[in-house]
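[1] What would the 3D arrangement of this be:
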Amino acid sequence: MMSTTPLSQAKPYLYEQVAVEITELIRLGTFRPGERIPSVRQLSRQNKISVATALQAYRLLEDQGLIEARPQSGYYVRQQVVEAQQELEISTPAPDPTRVSTRELVMMILRDTANPDLIQLGTAFPNPDLVANDKLSRIMVKIARQAQREHGLFDIPPGNEALRIQIAQRAVLSGCLLTPADIITTSGITEAYSLSLRAVCRPGDTVAIESPAYFANLQALEALELRALEIPAHPRTGISLEALRFALDHNRVQACLVHPNFSNPLGSCMPDEKKNEVDEMLAEREIPLIEGDDSGELFFSGNRPNVCKAYDRKGLVLHCSSFSNVLSPGYRVGWLVPGRFKAGVEWP
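    Below is the predicted model of the structure:
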């Protein structure tokens, strides 16, 4: 059973509130183009906020093109406020299904992850400085001291029940009402993708994917000898539903694989109404939707966005996720909600 009831509106972060107040002062002419605005420390004292919060507010205003930092001088209203950035364009992939061959490129990217002088924009690995390793290690040590005999044994499908209960409870925030029995645990999200594709496709089948796509998805297609049909995607709203509809009308597609929330590499987030629309489009054709949501928790304002699984009425959405992007990639804890394909996923 799935829920589409919207969650209560979340309050904006404190730094966002401060940024809105400064924006209004600029709009009303209190601070005019070229004039200096209060320093970070002044803003901190006046608003009774931390220096870090004040600095984050100013960085947000910089990103919006309202202010600029001048070295050893402070922050100033921009002489010419940037009204709007140039609109990003939709991708333009090849129109026909193709074999996937990414092995050499992917291995080059993965080898570079060991280079500390590089910022890893080509992978989904978070900055190690942002991972709560110390806290997680203390928790693991505490659990190990309390471990019973069964903690050293294998968990047969569908996986550890205590973990599945926690995942089901967390799913409420993304619009889903799940039971622990709906969930199968996996060794990271990559295994969830592989199990999903094995359950609904055979070698030579065509899978519609957003373009550009995350390299791990391409690896999974290549390993299973599947063909990729690339669908144009917009950096703001994700996969083009018009292009997807056209592709489905003119190609024999066995599955569709998308990342609706904060896709990698585009970072796009599909509006909730489009998630409902893509579910309906595929359900009409009885085509499974494999949904990746490992970045769904990385939102900065408002509500946690819903997932496509929240609008699934026929059990055709195979929802894949993990904790890798939000906790620690090395833990390799993932899960899959396979819908009507559960038997094929548990025993492929």
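
[2] How much space separates residue 328 from residue 259?
    Distance of residue 328 to residue 259, given as C-beta to C-beta, to the nearest Å: 20 Å. Placement of C-beta: from N, CA and C, glycine included.

[3] More neighbours: which of those two?
    Between residue 328 and residue 259, residue 259 has the larger neighbour count (other C-beta atoms under 10 Å), namely 29 against 17.

[4] what pLDDT, on average, does stretch 127-135 get?
    Taken as a whole, stretch 127-135 has an average pLDDT of 77.

[5] my bad, should have said stretch 335-348
    Stretch 335-348 comes out at a mean pLDDT of 91.

[6] Enumerate the positions of it that are buried.
    335, 336, 337, 338, 339, 341, 342, 345, 346 (16 or more other C-beta atoms under 10 Å).

[7] ok, now how distant is the residue nearest to the fourth one when sequence neighbours are not counted from residue 316?
    For residue 338, the nearest residue in space outside its immediate sequence neighbours is residue 345; the separation is 4.3 Å by C-beta to C-beta, 6 or more residues apart in numbering. Counting by C-beta to C-beta, the gap from residue 345 to residue 316 is 13 Å.

[8] can you confirm residue 279 is in a helix?
    Yes: note on residue 279: a helix contains this position according to DSSP: H, G, I helix; E, B strand; the rest coil.

[9] Run the chain-centre distance for stretch 14-32.
    A distance of 30 Å separates the C-alpha centroid of stretch 14-32 from that of its chain, computed with C-alpha atoms, centre = their mean, to the nearest Å.

[10] Name the residues that touch that stretch?
    Contacting residues not belonging to stretch 14-32 are listed as 12, 37, 43, 47, 49, 53-54, 56-58, 60-61, 64, 66-67, 77, 81, 301 [C-beta atoms under 8 Å, 6 or more residues apart in numbering].

[11] and it, average pLDDT?
    89.

[12] Can you give me the buried ones in that stretch?
    15, 18, 19, 22, 23, 26, 31.

[13] among the residues you listed, which are in helices?
    Mapping these onto helices (DSSP state H) picks out 15, 18, 19, 22, 23, 26.

[14] Same list (those residues) but as a markdown table, adding distance to residue 231.
    Below are these laid out as a markdown table (distance: C-beta to C-beta, whole Å):
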| residue | distance to residue 231 |
| --- | --- |
| 15 | 36 |
| 18 | 40 |
| 19 | 36 |
| 22 | 40 |
| 23 | 37 |
| 26 | 41 |
